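Student: Have a look at this prediction, sequence included:
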Amino acid sequence: MELTELTGLWERRWPGSLPVGHEIDTAGRDVWVRFHSLPGSKRYPDDEHEYAIVLERYNTVLDELFAGVQVYVLTPEWTTEPGAPAARPGARHWRSWLQNDDPDPEFRTHWHVFVEQLEWRRGCLDGLLRRVADDEVAGVIIADTDLRRLHHPYDGGADVFLASTQERDRLRERHADWLSAHPLGL
């Protein structure tokens, strides 16, 4: 897909939301569910056993969403300069915008989003997901090429947006032990 087509598709599917995980508008979206990465809603893994749990949970949901299909991996980076930094291998620069127009140039924030297309297979993004779990990378989105299903891993869990409320409910029921006890699902 051409990048201009991807932009148009994003704007039709996710109007009012920037393509950065924590910027997706959850208000009024009845297709959203949040899963926590570790038992007891623990945020960060302390050892290899806990990293294995985090990666197992990420990969289990990702397999259910995307097994054997092409996905987009959207990886944002922020800078204080308007020019996009170098993309990670296999990714292309997609979009940039000024996020915070501070009068002091040192505090101006520019977002740059890179996109990579690949066939999903379990474990293919473990390195990236581990960096997400350590809060070294933020705002990542893994999506089907129709942008109907989004998986936003973050340090502590994942926000998942499905194509329908029925699909969301089935996924939530299968992984009820990974849900938050918070009444709003946070």
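Tutor: Arrived safely.

Student: Contact partners for residue 119?
Tutor: Residues in contact with residue 119 (C-beta atoms under 8 Å, 6 or more residues apart in numbering) are 68-71. For every residue, glycine as well, the C-beta is placed using N, CA and C.

Student: I'd like to know which of these are part of helices.
Tutor: Per DSSP state H, helices hold no members of those.

Student: what helix or strand is residue 99 on?
Tutor: strand 92-100 (DSSP states H and E).

Student: which helix is the longest one in the protein?
Tutor: helix 48-66.

Student: and that one, what does it pack onto?
Tutor: helix 126-133, strand 141-144, strand 150-154, strand 157-161, helix 165-174 (3 or more C-beta pairs under 8 Å, 6 or more residues apart in numbering; DSSP states H and E).

Student: Let's have those in JSON lines, adding distance to residue 51.
Tutor: Converted to JSON lines, those look like this (distance: least, C-beta to C-beta, whole Å):
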{"stretch": "helix 126-133", "distance to residue 51": "6"}
{"stretch": "strand 141-144", "distance to residue 51": "18"}
{"stretch": "strand 150-154", "distance to residue 51": "13"}
{"stretch": "strand 157-161", "distance to residue 51": "14"}
{"stretch": "helix 165-174", "distance to residue 51": "22"}
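
Student: can I get these in CSV with mean neighbour count?
Tutor: Output for those, formatted as CSV (neighbours: other C-beta atoms under 10 Å):
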stretch, mean neighbour count
helix 126-133, 18
strand 141-144, 24
strand 150-154, 24
strand 157-161, 23
helix 165-174, 14
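
Student: Out of those, flag the one nearest residue 43.
Tutor: With C-beta to C-beta, the closest approach to residue 43 among the helices and strands packed on helix 48-66 belongs to strand 157-161: 8.3 Å.

Student: model confidence over the closest one, on average?
Tutor: Mean pLDDT, strand 157-161: 95.

Student: tell me the contacts of residue 172?
Tutor: 33, 179.

Student: Please name whichever of the helices and strands packed on helix 48-66 is nearest to residue 7.
Tutor: Closest of those to residue 7 is strand 141-144, at 13.6 Å (criterion: C-beta to C-beta).

Student: List of residues touching that closest one?
Tutor: Contacts with strand 141-144, where a contact means C-beta under 8 Å, 6+ apart, come from 19-21, 24, 62, 65-66, 69-74, 120, 125, 149-153.

Student: give me the element the spatially closest residue to residue 16 that is not a sequence neighbour is part of.
Tutor: With sequence-adjacent residues excluded and distances taken as C-beta to C-beta, 6 or more residues apart in numbering, residue 16 is closest to residue 25, at 5.4 Å. For residue 25, there is no host helix or strand (DSSP H and E).

Student: tally of neighbours for residue 25?
Tutor: Using other C-beta atoms under 10 Å, residue 25 has 12 neighbouring residues.
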